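Undergrad: Mind folding the following:
(2 chains)
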Protein chains: 2
Amino acid sequence: MKLASLKSGRDGRLVVVRDDLSQCAPADDIASTLQAALEGWADIEPRLRDRHAALLAGEAADTLPFDPGACAAPLPRAYHWVDGSVYLSHMKLVRQARGAEMPDSFLEEPLVYQGGSDILLGARDPIQAASEAWGIDLEAEVAVITDDVPAGTTADDASSHIKLVLLANDVSLRNLIPGELGKGFGFYQSKPPTAFSPVAVTPDALGDRWDGRKLHGAVDVTLNGERLGNPDAGKDMYFDFTRLIEHVTKTRPLGAGTIIGSGTVSNEDRSRGSCCLAEVRTIETIEKGAPETPFMSFGDRVVIDMADEGGNSIFGAIDQIVEKTGG
Amino acid sequence: MKLASLKSGRDGRLVVVRDDLSQCAPADDIASTLQAALEGWADIEPRLRDRHAALLAGEAADTLPFDPGACAAPLPRAYHWVDGSVYLSHMKLVRQARGAEMPDSFLEEPLVYQGGSDILLGARDPIQAASEAWGIDLEAEVAVITDDVPAGTTADDASSHIKLVLLANDVSLRNLIPGELGKGFGFYQSKPPTAFSPVAVTPDALGDRWDGRKLHGAVDVTLNGERLGNPDAGKDMYFDFTRLIEHVTKTRPLGAGTIIGSGTVSNEDRSRGSCCLAEVRTIETIEKGAPETPFMSFGDRVVIDMADEGGNSIFGAIDQIVEKTGG
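TA: Below you'll find the model as predicted:
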């Protein structure tokens, strides 16, 4: 089953979406919002599946052509958005570029940070920044959305809490990061609002692409129409989503509607390219002594997508233009 | 005007509270939750004030004795909880204890981290932890709640966005902090759910205690009935709440219902004591070479309160017992 939230108010209007993304049907009579659906998932999911089946059968009322541009993020705001960094090839490269070794602790437990979740971007919303000097970068990621997860959940018990899978663009302001991390408290200003794919998909609808712990398949990233990378999200994911859930519930529970990100997807196989410009620049630094590729400029366009065997988008594409704001 | 959320469902039941905390009246017919009130504050605030006036006049329906133990946090969950560390005397002490100087950057802009906001604790909820070895500490703080705040808001324009003021206990797991900060991404496991005072108060109702930028008055902290500290929240606050808002909106807007914390209150005047055990231990380290005071044990009780001139609690007391959980 595929779900989306059409732009409407602060929390969107819940719709079920045809698997081929051609059409959708309102479901806000079943749950007012996706957040509400996740809070009562056991009761609401079967009713959403009935609506989805009706849509596929051509029997749903008030159907609409599905327009990714009309979509907010599946959760237009959330109570918790925690993002990991679990593709270690990415972290190894970053450290290699500055001649540092990766600490052993990075192999023992995942790195995570908590991102802003009060305002999340739709897949076609612009990336807004006041200055190109901030070093505007994309980060193509996989994310999952959970129901309520108790504190102390183990990886083995975590998979059933993953209710939806989607893609994310965790926009980063690279030139603000050194100052922030240098102060020791982690990211804040360097992480403006994150964008999500138009559609969130239940694990069962992903077939073999979802193994209960991670998503398999190439994440296709283009910048201004040129391929930046297409690494396989299922390869080289050192800590899978169940390990992430174990880590983030060590000292606290998670509320329904928590979004958990993988961090920038990256493969050891360098021919698969990169899912962020920082990694491109890091490889240039290693190979040529200095970065050549600039961060994004106003007007640049980034597209993040994953296609099925038939070449059809699974989650809908994230497709964003960088836009200058005041401030 | 004073507001609270009685425990009910995930978001509580909104009530207006008498200034002396003796009685409350339901207000969930005006706004279903405090979050909803903040989203439509311009329209809803006058109606809440009418209900508050009716309560004071003895004309409100369905009034109840006000029971802090029946209260959830004013926002039982929030879309954004960002906590600063703006009492520099606290940070100076911590660094002095380890022979480090405070970086100049700490005087230029505030340190902030984003805390978990999907589950916030009521004032009488237990502090739950699986192990005393985590180094369970309290942190007595002042916090504010905002409406929608645009990106790029300056400190001079920030004050009008502060709609409510309250107290917080930003529980910290001290022994998990070095490992987490050492990895560079900031706090996560070391910050379990935060507790808030039963009541949130509009700035106008604080009179001279609120100067538009910060709260004045002693924050009284006791541990197992013994005074830990009573520093004045209005003294030595190096970055006030308007500077915090300027900082946290540099690269992104804030959604209505954002909670912003001050970090541990601390005065240069050491006779005022401390608002967290880490600071007590730091002073012991400086004076005696090693810390003597342990972190909290299961069964310990922490009370955080602020009294008016007549000795009456303004926000209601945070009054929590430390409790062992499985996990």
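Undergrad: what separates the helix or strand bottoming out on mean pLDDT in chain A from the chain centre, distance-wise?
TA: Every helix and strand in chain A was compared by mean pLDDT, DSSP states H and E; the lowest is helix A:88-97, with a mean of 83. How far helix A:88-97 lies from its chain's middle: 21 Å, per Cα atoms, centre = their mean, to the nearest Å.
Undergrad: List the contacts of stretch A:89-105.
TA: The contact list for stretch A:89-105, computed with Cβ atoms under 8 Å, 6 or more residues apart in numbering or on different chains, reads A:85, A:88, A:106, A:111, A:236, A:263-264, A:266-268, A:276, A:278-279, A:282-283, A:285-286, B:179, B:182-183. For glycine as for every other residue, the C-beta is placed from the backbone atoms N, C-alpha and C.
Undergrad: Give me the subset of these lying in strands.
TA: A:85, A:111 (DSSP state E).
Undergrad: Quick one: buried ones out of the contacts of stretch A:89-105?
TA: By neighbour count, with 16 or more other Cβ atoms under 10 Å in any protein chain shown, the contacts of stretch A:89-105 hold A:85, A:88, A:106, A:111, A:236, A:263-264, A:266-267, A:276, A:278-279, A:282-283, A:285, B:183 as buried.
Undergrad: Counting neighbours, which bits of the least confident helix or strand of chain A end up buried?
TA: Quick answer for helix A:88-97 (16+ other Cβ under 10 Å): A:88, A:89, A:90, A:91, A:92, A:93, A:94, A:97.
Undergrad: rewinding a little: what's the closest of the buried ones among the contacts of stretch A:89-105 to residue B:217?
TA: Residue B:217 lies nearest to residue B:183 out of these, by Cβ to Cβ, at 37.7 Å.
Undergrad: if I pick the nearest residue to residue A:134 once chain neighbours are set aside, what's in contact with it?
TA: Nearest residue to residue A:134 in three dimensions, chain neighbours excluded: residue A:173, at 4.0 Å (Cβ to Cβ, 6 or more residues apart in numbering or on different chains). Counting by Cβ under 8 Å, 6+ apart, residue A:173 touches A:129, A:134, A:135, A:136, A:137, A:189, A:190, A:191, A:192, B:251.
Undergrad: Now do residue A:180 against residue A:136, distance only.
TA: Going from residue A:180 to residue A:136 by Cβ to Cβ, to the nearest Å gives 15 Å.
Undergrad: typo on my end, residue A:205
TA: Per Cβ to Cβ, residue A:205 is found 33 Å from residue A:136.
Undergrad: which one of these two has more residues nearby?
TA: Per other Cβ atoms under 10 Å in any protein chain shown, whichever of residue A:205 and residue A:136 has more neighbours is residue A:136, with 25 against 15.
Undergrad: Phi, psi for the residue nearest to the more buried one when sequence neighbours are not counted please.
TA: Counting by Cβ to Cβ, 6+ apart, residue A:136 lies nearest to residue A:296, which is 4.3 Å off, once chain neighbours are set aside. When read as degrees, to the nearest 10, the backbone of residue A:296 gives phi -70, psi 150.
Undergrad: Residue A:296 is in contact with residue A:138, isn't it?
TA: Yes. Using Cβ atoms under 8 Å, residue A:296 is in contact with residue A:138, at 7.0 Å.
Undergrad: list residues touching both of those two?
TA: Taking Cβ under 8 Å, 6+ apart as the contact rule, residue A:296 and residue A:138 both touch A:127, A:223, A:277, A:302.
Undergrad: Just the residues contacting stretch A:42-50, thanks.
TA: For stretch A:42-50, contacts defined as Cβ under 8 Å, 6+ apart pick out A:1, A:3, A:16, A:27, A:30, A:31, A:36, A:37, A:163, A:202.
Undergrad: Go back to those residues and keep what's next to chain B.
TA: Counting by Cβ under 8 Å from any Cβ of the partner chain, nothing from these sits close to chain B.
Undergrad: Include secondary structure when you put the contacts of residue A:173 into TSV, please.
TA: Formatted as TSV, these follow (DSSP: H, G, I helix; E, B strand; the rest coil):
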residue	secondary structure
A:129	strand
A:134	helix
A:135	coil
A:136	strand
A:137	strand
A:189	coil
A:190	coil
A:191	coil
A:192	coil
B:251	coil
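Undergrad: quick one: which of these is nearest to residue A:12?
TA: Using Cβ to Cβ, those come closest to residue A:12 at residue A:192, 20.1 Å.
Undergrad: What distance do you get for residue A:88 to residue A:262?
TA: Residue A:88 is 12 Å from residue A:262, by Cβ to Cβ.
Undergrad: what's the model's confidence in stretch A:283-295, averaged?
TA: For stretch A:283-295, mean pLDDT rounds to 95.
Undergrad: Output the longest helix seen in chain A as PDB - backbone C-alpha positions only.
TA: Secondary structure of chain A per DSSP state H: the longest helix is helix A:41-56. Extracted in PDB, the C-alpha atoms of helix A:41-56 (Å, rounded to 0.1, in the frame of the first residue of the first chain):
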ATOM      1  CA  TRP A  41      -2.300   1.700  12.900                       C
ATOM      2  CA  ALA A  42      -3.700  -1.700  14.100                       C
ATOM      3  CA  ASP A  43      -7.300  -0.500  13.500                       C
ATOM      4  CA  ILE A  44      -6.700   1.900  10.700                       C
ATOM      5  CA  GLU A  45      -4.300   0.000   8.400                       C
ATOM      6  CA  PRO A  46      -6.900  -2.600   7.400                       C
ATOM      7  CA  ARG A  47      -9.400   0.100   6.500                       C
ATOM      8  CA  LEU A  48      -6.700   2.000   4.500                       C
ATOM      9  CA  ARG A  49      -5.900  -1.300   2.700                       C
ATOM     10  CA  ASP A  50      -9.600  -1.700   1.900                       C
ATOM     11  CA  ARG A  51      -9.600   1.800   0.400                       C
ATOM     12  CA  HIS A  52      -6.500   1.000  -1.500                       C
ATOM     13  CA  ALA A  53      -8.000  -2.200  -2.900                       C
ATOM     14  CA  ALA A  54     -11.100  -0.200  -3.900                       C
ATOM     15  CA  LEU A  55      -8.900   2.300  -5.700                       C
ATOM     16  CA  LEU A  56      -7.100  -0.500  -7.600                       C
END
